[in-house]
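Enquirer: Okay, sequence plus prediction incoming.
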Amino acid sequence: MSSNGKLLLLLPPVVSAIVDAALTLCGQADGYWAGTQVPIFEVNPIGYYLLSLSPLAFIAGISVWILVVILVLLLAPTPISKWMSLAIFLTHLFAASTWIMRFDHGLYWAVLMFVAARVIVHPIYFSNPSRITPAE
């Protein structure tokens, strides 16, 4: 895979991680932003801990996570990078959908998000639509 193709593998997991993080911050209660003792809404234990420290700690943690993902995907062999990129992308996409479900018509928006992601991201991972395994 060319270096441009390898860089393209970074786009889905990075964008989905940013969307997931943004929705996580938006999903916190008003009291969280006022600094009062309110429940923190986060399932990931690391994210929960960082949110308990401050929103900036959470943003710093996500930034470090994204940098680690970028480094690992660039350094790993292409077939492994494709599978890791896809797994990280789908994990953050699912996590973002759990936040979207809280909105009015959330199921509709979550399904729309998954369909749009499928259409946009498919060419990155699969060069031949008839193949089931990621293209080399």
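Expert: Done, it's in.
Enquirer: C-alpha from now on. contacts and neighbour counts both.
Expert: Noted.
Enquirer: tell me, which helix in the chain spans the most residues?
Expert: For the chain, the helix reaching the highest residue count under DSSP state H is reported as helix 78-100.
Enquirer: tell me what that one is packed against?
Expert: Using 3 or more C-alpha pairs under 8 Å, 6 or more residues apart in numbering; DSSP states H and E as the contact test, the elements touching helix 78-100 are helix 11-26, helix 55-75, helix 106-125.
Enquirer: So what's the gap between the longest one and the chain middle?
Expert: Relative to the chain's own centre, helix 55-75 is displaced by 11 Å; criterion: C-alpha atoms, centre = their mean, to the nearest Å.
Enquirer: how far off helix 78-100 does that helix point, in degrees?
Expert: 150 degrees (axes from the mean of the first three to the mean of the last three C-alpha atoms, to 10 degrees).
Enquirer: Give the buried residues for helix 55-75.
Expert: Along helix 55-75, the positions that meet the burial threshold by neighbour count (16 or more other C-alpha atoms under 10 Å) are F58, I59, G61, I62, S63, I66, V69, I70, L73, L74.
Enquirer: Over to Q37: give its phi and psi.
Expert: Recorded main-chain torsions at Q37 are phi -80, psi 100, according to degrees, to the nearest 10.
Enquirer: ditto for H105
Expert: Reported as degrees, to the nearest 10, the phi and psi values for H105 are phi 60, psi 40.
Enquirer: Can you give me the distance of it to L93?
Expert: Here the distance between H105 and L93 works out to 18 Å (C-alpha to C-alpha, to the nearest Å).
Enquirer: Who has more neighbours out of those two?
Expert: Under the neighbour definition other C-alpha atoms under 10 Å, H105 and L93 were set side by side, and L93 has more, 22 against 10.
Enquirer: close enough to count as contact, that one and S16?
Expert: Yes. Using C-alpha atoms under 8 Å, L93 is in contact with S16, at 5.7 Å.
Enquirer: Tell me the secondary structure at the residue in the chain sticking out farthest from the centre.
Expert: In the chain, the greatest distance from the average C-alpha position (C-alpha atoms, centre = their mean) is reached by T36, at 28.3 Å. Three states are possible here, and by DSSP: H, G, I helix; E, B strand; the rest coil the one that applies to T36 is coil.
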